[in-house]
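Asker: All I have is the shape, not the residue letters:
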């Protein structure tokens, strides 16, 4: 069992930065692929960034070059550094975990956090 708790969301002006954190409980964190997803009203939840258990990363085209995902297995925490934020980045951001390889769809992820709101004003 893995429990995930996100933090770090908030209101920021366009062009600003935020860093999201996802703290995980459970001894399987280091063996888990971790993903960040987001969902805005009326839209489906979409993949943003992910990091495999070995540290390989993958990004959605919409955030490539602006967002950076990282993990600290000693702290059981995954981070999402978001720079050059745009109003279209406004959404609830969710952290997710799964055993196995990194994937970009929601269904294979077994564990989800409660989400943290990110609002980018123009």
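Answerer: Noted; the coordinates are in hand. As the structure is a prediction and not an experimental result, all values here were calculated from the model.
Asker: separation between residue 33 and residue 81?
Answerer: Distance of residue 33 to residue 81, computed by Cβ to Cβ, to the nearest Å: 19 Å. The C-beta positions use only the backbone N, C-alpha and C, and glycine is treated the same way.
Asker: before we move on, what about residue 62?
Answerer: Residue 62 is 16 Å from residue 81, by Cβ to Cβ.
Asker: ditto for residue 89
Answerer: Plainly put, residue 89 is 13 Å away from residue 81 if you go by Cβ to Cβ.
Asker: before we move on, the earlier item: of residue 33 and residue 81, who's got more company?
Answerer: Higher neighbour count among residue 33 and residue 81: residue 33, with 22 against 15, using other Cβ atoms under 10 Å.
Asker: so the more buried one is in which element?
Answerer: Residue 33 is located in strand 32-39, with elements delineated by DSSP states H and E.
Asker: neighbouring contacts of that strand?
Answerer: Residues external to strand 32-39 that are found in contact with it (Cβ atoms under 8 Å, 6 or more residues apart in numbering): 2, 20, 22, 24, 45-53, 69, 71, 78, 80, 89, 91-104, 106, 109, 115, 118.
Asker: Now, of those residues, which are buried?
Answerer: Burial by neighbour count, 16 or more other Cβ atoms under 10 Å: within the contacts of strand 32-39 this picks out 2, 20, 22, 24, 45, 47-53, 69, 71, 78, 80, 89, 91-98, 102-103, 106, 109, 115, 118.
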